[in-house]
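**Q** this one's sequence-less:
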């Protein structure tokens, strides 16, 4: 990390001084996590009904008021934010959508977005080693290019691979994460933090642990004048890794400025820069990633929203990077949403420049999504997408749910179509540079291409639900003729899509309190009776967790204890570092199954959270997604997080 980045991070820390005596305790009588309701449309208005409470009907606060925020509620003025984009999608197991709000993210037992996605049923993560090493992410093991990431509607292009490095994205700056798992892809919607009122807000997180892991993260938001808001943040994390053989360091800086126009419109500009370094490891990589975009948003009526976005992503490699040239893509998009609670229609048109030195992406994309709720006993959702570029394609997706009746529902989904997926070809060409008075030098120039795998499949199942609890199961069948590689250092030697056959399996999901609201069981399990020869797809996979969570002393004390078991079965994986002179790809290996136990403890006192994360508690030494790249042994991270308003 450069000296300027360190100085800027220090200035951001100094920009948010405040006394902890100004802490504002959250008034949340019940913070037990519950599955998102069927309708998660954001409502602009609030219920203004008042109720007369007899004197003495409520118990007084038994904790001294010293250090608490005594600002009258009526004196808090809302911040002049640009309007929030409505989220009409349903959530739940049947729909394949999971939502974490700001409170749930604050209690999450992980350090990055990769850890969060690892908890979603059906998403397969293949890690090249310990923390910070490359990791491929795919739904159902469908390969690269099937997981897409959006910052409030702006799609982040990976540029140097077919999937993003999610260990570079922390959760501290996010207000909500919405993971939409479809049969043909996963959409990860990242909604950034939004000021709740005009008071400045600061958030700091410090962490440390083994093996030589350090975390420093901060966020600061404030209002400028009558119509402007500014949010800045930083994230610094590094580790030496297992036996000091997996060094990794990442630093993020971002700034977001917004200007409210009236009560229904606004503009926003955001800049982000990420510096990631892996040196002296099996996956040397060092580069700066940057992004700059601007958006304009207009909520014409409560049922009609319109937005336009434009910006640019670019990646600048350093000396030891596997790419020697800057990669970039420009993007512009328009999206519109029409509808309300009973029916909605969303359309998106996206145009990109065509990169000539990196992973290609669809240059044009048109997509329409729609939903219909009929009488509370029937819900329909569907999407249609057409993409252009080197390998144009179309894709259709549809889902239906009948119920709930007496808590029971039946559901089904189907998909069919193609989509162009970027490839880094195994072959390369030599470019010769003439050096005066010296011999000519040969440099390796990577070759990029695009695959267009076809995918069809269906999913059918049933679930039982009640407030706070869901139990469900489903049968899944997918037929993808080609499985594209992730384009990461762990599999870029493949250089081509792998032929595969149909795969069939079952999945189960449960999230329910046990006897008391403060004790909760969460878990999911997927088993494939036939993997179809698909690489990186485990024969079985699952998580089971028991979590204690409660609130005491009128919300001032909130302990959380979670113990989970992680299971991953055997999977076909490519050999790492094959002989480059061998024309044929070597036969795949089979990874060993493993079961890990992890634990998480967090205690919140008013606005200060102390946490402890323990991974691989029983020190299993043979666990690893790749046979030659085992995970670290037992790993512990501990730290503290607090927020305040000045």
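**A** Sure thing, it's come through. Quantities reported herein were computed from a predicted structural model and do not represent experimental measurements.
**Q** switch to C-alpha atoms for all contacts and neighbour counts from now on
**A** Noted.
**Q** got the contact list for stretch 371-384?
**A** 89, 341-345, 367-370, 394-405 (C-alpha atoms under 8 Å, 6 or more residues apart in numbering).
**Q** distance from that stretch to the middle of the chain?
**A** Taking the mean of its C-alpha atoms, stretch 371-384 sits 26 Å from the chain's own mean (C-alpha atoms, centre = their mean, to the nearest Å).
**Q** measure the residue nearest to residue 221 when sequence neighbours are not counted to residue 256 for me?
**A** Once flanking residues are discounted, residue 221 sits nearest to residue 231: 4.2 Å by C-alpha to C-alpha, 6 or more residues apart in numbering. As judged by C-alpha to C-alpha, to the nearest Å, residue 231 and residue 256 stand 5 Å apart.
**Q** who has more neighbours, the two?
**A** Applying other C-alpha atoms under 10 Å to residue 231 and residue 256 shows that residue 231 carries more neighbours, namely 23 against 18.
**Q** now the more buried one: how far from residue 399?
**A** 38 Å.
**Q** check residue 274 too.
**A** Distance from residue 274 to residue 399, by C-alpha to C-alpha: 38 Å.
**Q** give me the element residue 555 is part of.
**A** When elements are assigned from DSSP states H and E, residue 555 belongs to no helix and no strand.
**Q** show me what secondary structure element comes after the helix or strand of the chain with the lowest mean pLDDT.
**A** Taking mean pLDDT, DSSP states H and E as the measure, the chain has helix 3-14 as its least confident helix or strand, at a mean of 41. Later in the chain than helix 3-14, the nearest helix or strand by DSSP H and E is strand 97-100.
**Q** how about the secondary structure of residue 170?
**A** In three-state terms, and counting by DSSP: H, G, I helix; E, B strand; the rest coil, residue 170 is coil.
**Q** I'd like to know how many residues surround it.
**A** Neighbour number of residue 170 under other C-alpha under 10 Å is 21.
**Q** do you know how far it is from residue 236?
**A** Applying C-alpha to C-alpha to residue 170 and residue 236 gives a distance of 10 Å.
**Q** again with residue 472
**A** 39 Å.
**Q** same deal with residue 466?
**A** Taken as C-alpha to C-alpha, the span from residue 466 to residue 236 is 41 Å.
**Q** okay, these two: which has more neighbours?
**A** Comparing residue 466 with residue 236 by other C-alpha under 10 Å, the one with more neighbours is residue 236, at 23 against 13.
**Q** so who does that one touch?
**A** Applying C-alpha under 8 Å, 6+ apart, the residues near residue 236 are 214, 215, 216, 217, 249, 250, 251, 252.
**Q** any idea which helix or strand carries the residue nearest to it when sequence neighbours are not counted?
**A** Take residue 236 and drop its neighbours on the chain: the residue closest to it by C-alpha to C-alpha, 6+ apart is residue 251, 4.4 Å away. Here residue 251 sits within strand 248-261, counting by DSSP H and E.
**Q** after that strand, next one along is what?
**A** strand 265-278.
**Q** mean confidence for that following strand?
**A** Strand 265-278 shows an average pLDDT of 95 in the prediction.
**Q** neighbouring strands for it, and are they parallel or not?
**A** strand 248-261 (antiparallel), strand 285-301 (antiparallel) (DSSP bridges).
**Q** now what about that strand, what contacts it?
**A** Outside strand 265-278, the residues that reach it (C-alpha under 8 Å, 6+ apart) are 1, 81-83, 133, 168, 246-261, 284-299.
**Q** how distant is that strand from the center of its chain?
**A** 16 Å.
**Q** state the distance from residue 545 to residue 598.
**A** On the measure of C-alpha to C-alpha, residue 545 and residue 598 end up 9 Å apart.
**Q** overlap in contacts, those two.
**A** What both residue 545 and residue 598 touch, as defined by C-alpha under 8 Å, 6+ apart, is the set 563, 564, 565.
**Q** who touches the last one in this structure?
**A** The reference is to residue 565. 543, 544, 545, 595, 596, 597, 598.
**Q** contacts only, for the fifth one.
**A** Residues touching residue 596, when contacts are defined by C-alpha under 8 Å, 6+ apart, comprise 565, 566, 567, 615, 616, 617, 618, 620, 623.
**Q** so of those, which ones are in strands?
**A** The strands, defined by DSSP state E, take in 565, 566, 567, 615 from the contacts of residue 596.
**Q** the residue lying closest to the first one once chain neighbours are set aside: what's it in contact with?
**A** In this case it means residue 565. Excluding the flanking residues, the one nearest residue 565 by C-alpha to C-alpha, 6+ apart is residue 597, at 4.6 Å. By C-alpha under 8 Å, 6+ apart, residue 597 lies in contact with 563, 564, 565, 566, 615, 616, 617, 618.
**Q** which of these lies closest to residue 419?
**A** Taking C-alpha to C-alpha as the measure, residue 419 sits nearest to residue 566 out of these, at 32.0 Å.
**Q** bridge partners for the closest one, pull those for me.
**A** Beta-bridge partners, per DSSP bridges, of residue 566: residue 543, residue 596.
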